[in-house]
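Q: this one's structure only:
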C-alpha cells in the first residue's frame, strides 16, 4: 500500500510562489496516475493537476494552466507542484493522490478514482 506525505505549504502574498512536495513510500511502483487536488473551506475537493507515469503526460485544470506545473523525481519517488503567480482564490488545503489505474478520458479529474491520499498541506495566499 502506497503512503503519501505532502509538504511545502505556507503563507504567501499574491503573485508569489510555492513548491509543494509529495513523498511516496510503500508500493509506489504500482501507481500509474498521480494528481494534486485542493479543497477550500466550504467547497468541494477539486482537481488541480495530474501526471501519468508512462510518458509523463500531464493535465491541468483551466484555472491553473500556465501558472502551476506538476513534475516528479523518480529517484526520490516524489511528486511536485510548482505554483507561481498565486492568487487569493488559490487558498486551500492541497492533497496529493495516487491511483493504480491509468486514468484517461477525464476520469483522472474524479477524486473517487484515487486509492491513496496524503494528509494535505495548507496554502494561504494573502491579497
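A: Now that the structure is in, tell me what you want to look at. Being a predicted model, the structure only gives us computed values, none of them experimental.
Q: list the contacts of the residue nearest to the spatial centre of the chain.
A: For the chain, residue 36 is the residue whose C-alpha lies nearest the centre (C-alpha atoms, centre = their mean; 1.8 Å). With contact taken as C-beta atoms under 8 Å, 6 or more residues apart in numbering, residue 36 is in contact with 20, 22, 48, 49, 50, 70, 79, 81, 94, 95, 96, 97. Just so you know, the C-beta spots here come from the backbone N, C-alpha and C atoms, and that holds for glycine as well.
Q: and it, how far from residue 89?
A: 16 Å (C-beta to C-beta, to the nearest Å).
Q: now residue 59
A: 20 Å.
Q: list the buried residues in stretch 85-104.
A: Across stretch 85-104, burial judged by 16 or more other C-beta atoms under 10 Å covers 86, 90, 91, 92, 93, 94, 95, 96, 97, 98, 99, 103.
Q: which ones are touching the second one?
A: When contacts are counted by C-beta under 8 Å, 6+ apart, residue 90 touches 38, 64, 83, 123, 125.
Q: out of those, name the ones that lie in strands.
A: The strands, defined by DSSP state E, take in 38, 83, 123, 125 from the contacts of residue 90.
Q: what is the burial count for residue 12?
A: 17 (other C-beta atoms under 10 Å).
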